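K.L.:
Model the following, please.
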Amino acid sequence: MMRRFMRLVLVTIVCVSTTFYGCKKTFEYSPYSAETDKTYTELRTEKNLERIAAGKVETGRFKVAFLSDTHYFHDELSNAIDLINADNNIMFVVVCGDLSDQGMQKEYTYFYEQATRLNKPILTVIGNHDYLANAEDIYASMFGPNNYTLDYHGYRFIFFDNVFWEKNATPDFDWFNTQAASAVAENKKPILISHIPFFGDQYDSTSAAKHLDILRNNQVALSVHGHQHTYSYTDVGDGKCLVVPSIGKQSFCTVSFDAAVKDPVVTTVNFQ
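P.N.:
Next up, the predicted model:
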């Protein structure tokens, strides 16, 4: 009886070992893993900055599509990308943060699969949900730096990480101010892109005042944000503040820029 029992134990061990080690990918790693497939490089910021620089705008006028808070709205993101691909006037796409919901690798994989269908360059800014779990590491691997700029046809687009709580740190307002001030010195119009607007929940009165001072002192023409999930378009000093709705609202915004014109033209695109 004992011999038969031991034989059964050995057979069970062999079967379990074969299942786990004899087959590739028989189980999935933790969804909180930060290991990213090295082939996920098409959304890297430096690569897309090069693609934008290689594009030509004959008149100095150009249009940009702004999406935000894609979270788990994969069908809505897919529909938006179809519309953007069909608009030949859009030069590039900007996603204003919260590419994930829980900061899981699988969420970024879904986003990647959709975003790489774009026939235009894409740039992103980090959102507060992109700091959850190991998302900061995944974001850095798939997209690149949190703070960077793009000089394009009379404008400087300033991509600014302004997350407070999930990062547990104060944003680098000095960097933002330096980039905006140097743009003005070079006769370029500053455009701010960050996830959270200055009136968002993570700003206290001191940080909001600092943010507003930079906008006003440097005559930032337009600041673009997400985070609120609803659309708004308001005056801020001599410029404008656009909050892009969540893609879950089945809408996104396009902005038409012309350095010879004071205010960019904002259009909301609704879809089903």
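
K.L.:
for stretch 88-102, how far is the first residue from the last?
P.N.:
For stretch 88-102, the separation between the terminal residues is 34 Å (C-alpha to C-alpha, to the nearest Å).

K.L.:
Now that stretch: buried residues?
P.N.:
Using 16 or more other C-beta atoms under 10 Å as the test for burial, stretch 88-102 gives 90-101. Bear in mind the C-beta positions are built from the backbone N, C-alpha and C, glycine included.

K.L.:
Return the distance of it from the chain's centre.
P.N.:
In terms of C-alpha atoms, centre = their mean, to the nearest Å, the centre of stretch 88-102 is found 6 Å from the chain centre.

K.L.:
just stretch 244-256 next, same as before
P.N.:
Centroid separation between stretch 244-256 and its chain, computed with C-alpha atoms, centre = their mean, is 13 Å.

K.L.:
now do the same end-to-end measure for that stretch.
P.N.:
From its first residue to its last, stretch 244-256 covers 15 Å (C-alpha to C-alpha).

K.L.:
buried sites along it?
P.N.:
By neighbour count on 16+ other C-beta under 10 Å, the buried set for stretch 244-256 is 244-255.

K.L.:
Check stretch 108-123 too.
P.N.:
Those would be 108, 110-112, 114-115, 118, 120-123, for stretch 108-123 by 16+ other C-beta under 10 Å.

K.L.:
Put the alpha carbons of the helix or strand encompassing residue 53 into PDB.
P.N.:
Assigned by DSSP states H and E, residue 53 belongs to helix 45-54. Output in PDB follows, covering the C-alpha atoms of helix 45-54 (Å, rounded to 0.1, in the frame of the first residue of the first chain):
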ATOM      1  CA  THR A  45       9.200  59.700 -27.400                       C
ATOM      2  CA  GLU A  46      12.500  60.200 -29.200                       C
ATOM      3  CA  LYS A  47      11.300  58.100 -32.200                       C
ATOM      4  CA  ASN A  48       8.100  60.100 -32.500                       C
ATOM      5  CA  LEU A  49       9.900  63.400 -32.100                       C
ATOM      6  CA  GLU A  50      12.000  62.400 -35.100                       C
ATOM      7  CA  ARG A  51       8.900  61.500 -37.100                       C
ATOM      8  CA  ILE A  52       7.300  64.900 -36.300                       C
ATOM      9  CA  ALA A  53      10.500  66.700 -37.300                       C
ATOM     10  CA  ALA A  54      10.600  64.900 -40.600                       C
END
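
K.L.:
Contacts only, for residue 234.
P.N.:
Residue 234 makes contact with 240-241, according to C-beta atoms under 8 Å, 6 or more residues apart in numbering.

K.L.:
and if you look at the one 10 residues further on?
P.N.:
When contacts are counted by C-beta under 8 Å, 6+ apart, residue 244 is found next to 66-68, 96, 224-226, 231, 252-253.

K.L.:
So what's the residue count around the residue lying closest to residue 259 once chain neighbours are set aside?
P.N.:
Using C-beta to C-beta, 6 or more residues apart in numbering and skipping the chain neighbours, the partner closest in space to residue 259 is residue 154 (2.9 Å). Residues near residue 154, counting by other C-beta atoms under 10 Å, number 14.
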